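Chemist: Quick one: sequence plus predicted model below, questions after.
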Amino acid sequence: MKTRLSVNINKIATIRNARGGNVPNVLDAAINCQRFGAQGITVHPRPDERHIRYQDVRDLKPVVKTEFNIEGYPTKGFLDLVLEVKPDQVTLVPDPPEVLTSNAGWNTIKNESFLKEVISEFQKNGIRTSIFIETNPEMIKNAVKSGTNRIELYTESYATNYPIDKATAIKPFVDAAKLANELGLGINAGHDLDLNNLKYFAENIPGLLEVSIGHALISDALYFGLENSIQLYLRELKV
C-alpha cells in the first residue's frame with residue numbers, strides 16, 4: 001500500500017493575500033501540484049479568511065481532479081461550505097478561530113455527540129470524514145463512536161522529538177496506528193512532517209493512507225521549485 005501525498009496550499013494563499021490581487025494564483029498552484037504528482041489537495045479555510053478564502057474553496061472544486069480534502073472547525077459556515085462543495089474528504093479539527101495553526105487533537109469523549117451529529121451529516125452527503133486526533137488510546141477508541149471513517153494523527157510531537165530520539169518519538173504513533181487498524185479506522189497524518197522526518201514516519205506507521213503537508217513543502221519549493229519539492233516528498237513515501 002502506497003501512502004498518498006496531499007499538498008496543503010494554504011501558504012500559497014497567504015502569500016497572495018499579503019499583496020492583494022491574484023499572484024500567486026491558488027487555482028494554478030493546485031493544478032500544478034497535481035500535474036507534478038500530488039495525489040490530493042488540502043485546504044483549511046478559517047473564518048477570518050486569512051489564507052484560503054471560502055470562495056477559493058468553491059473555485060477549486062472543479063480543478064481538483066485527484067482528492068479534495070477540506071480541513072476546518074465545524075462552524076455553521078464551514079458546514080454549509082462543505083455541504084455545498086462536497087469534497088472527497090473533510091478533516092475536522094478542534095481549533096478555534098484565533099489560533100495560528102492547529103495545535104491539539106479532538107477530545108472524542110467530551111465532543112462525542114457533537115462529532116457524531118456533524119459526521120453523520122457529511123456521510124449522508126457521501127463525504128468521507130477524518131478527525132484530527134492525538135495518540136491517546138482512549139480518544140482513538142472513542143473516535144469509533146463518532147462514526148468517522150478515518151483519523152488524522154497530529155504529528156507535531158513526533159516532529160519535535162525526532163531529532164532527539166526518533167525511536168522514542170515514533171512509538172506512541174506506532175501504538176496508535178496499530179489500535180486504529182484493529183478498530184477499523186483509516187489513518188491519515190499531518191503537522192510538521194518534512195523531508196527530514198517523513199520517511200521514517202511512513203516506514204514505521206502501519207496502514208498509513210495519506211499525509212497532508214503544507215508549510216514545509218511550500219517552504220522547500222522556494223529553494224527547490226514546486227515540482228522538485230513534490231517529487232522529493234513522493235520519494236520519501238516510497239517505502
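Modeler: Nice, I can see it.
Chemist: okay, the residue most central in space within the chain: pLDDT?
Modeler: By Cα atoms, centre = their mean, the mean C-alpha position of the chain lies nearest to S212, the distance being 4.1 Å. Predicted confidence (pLDDT) at S212: the value is 98.
Chemist: For the helix or strand containing it, which helices and strands make contact with it?
Modeler: Using DSSP states H and E, S212 falls within strand 208-213. Applying 3 or more Cβ pairs under 8 Å, 6 or more residues apart in numbering; DSSP states H and E, we find strand 208-213 packed against strand 4-8, strand 40-43, strand 186-190, helix 198-204. Bear in mind the C-beta positions are built from the backbone N, C-alpha and C, glycine included.
Chemist: Pull the residues that contact the very next helix or strand once past that strand.
Modeler: Next in sequence after strand 208-213, counting helices and strands by DSSP H and E, comes helix 215-224. With contact meaning Cβ atoms under 8 Å, 6 or more residues apart in numbering, helix 215-224 is reached by 7-9, 11-12, 101, 192-195, 228-230, 232-233.
Chemist: same check, this time on stretch 171-181
Modeler: Outside stretch 171-181, the residues touching it (Cβ under 8 Å, 6+ apart) are 135, 137, 140-141, 151, 153, 155, 157-158, 186-187, 189, 201, 204-208.
Chemist: picking that back up, any chance of the helices and strands packed on strand 208-213 in JSON lines, plus mean neighbour count and mean pLDDT?
Modeler: Below are those laid out as JSON lines (neighbours: other Cβ atoms under 10 Å; pLDDT from 0 to 100):
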{"stretch": "strand 4-8", "mean neighbour count": "24", "mean pLDDT": "98"}
{"stretch": "strand 40-43", "mean neighbour count": "26", "mean pLDDT": "98"}
{"stretch": "strand 186-190", "mean neighbour count": "24", "mean pLDDT": "98"}
{"stretch": "helix 198-204", "mean neighbour count": "19", "mean pLDDT": "98"}
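Chemist: quick one on the thing from earlier: when you compare pLDDT across the contacts of helix 215-224, which one is lowest?
Modeler: Within the contacts of helix 215-224, pLDDT is lowest for T101, at 54.
Chemist: Any quick PyMOL command for the buried ones out of the contacts of helix 215-224?
Modeler: Provided next is the PyMOL selection string for whichever of the contacts of helix 215-224 are buried by 16 or more other Cβ atoms under 10 Å:
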select buried, resi 7+8+9+11+12+192+193+194+195+229+230+233
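Chemist: Pull the most distant pair out of the contacts of helix 215-224.
Modeler: T101 and N228 (25.1 Å; Cβ to Cβ).
Chemist: re earlier: now the contacts of stretch 171-181: which count as buried?
Modeler: 135, 140-141, 151, 153, 155, 157-158, 186-187, 189, 201, 204-205, 208.
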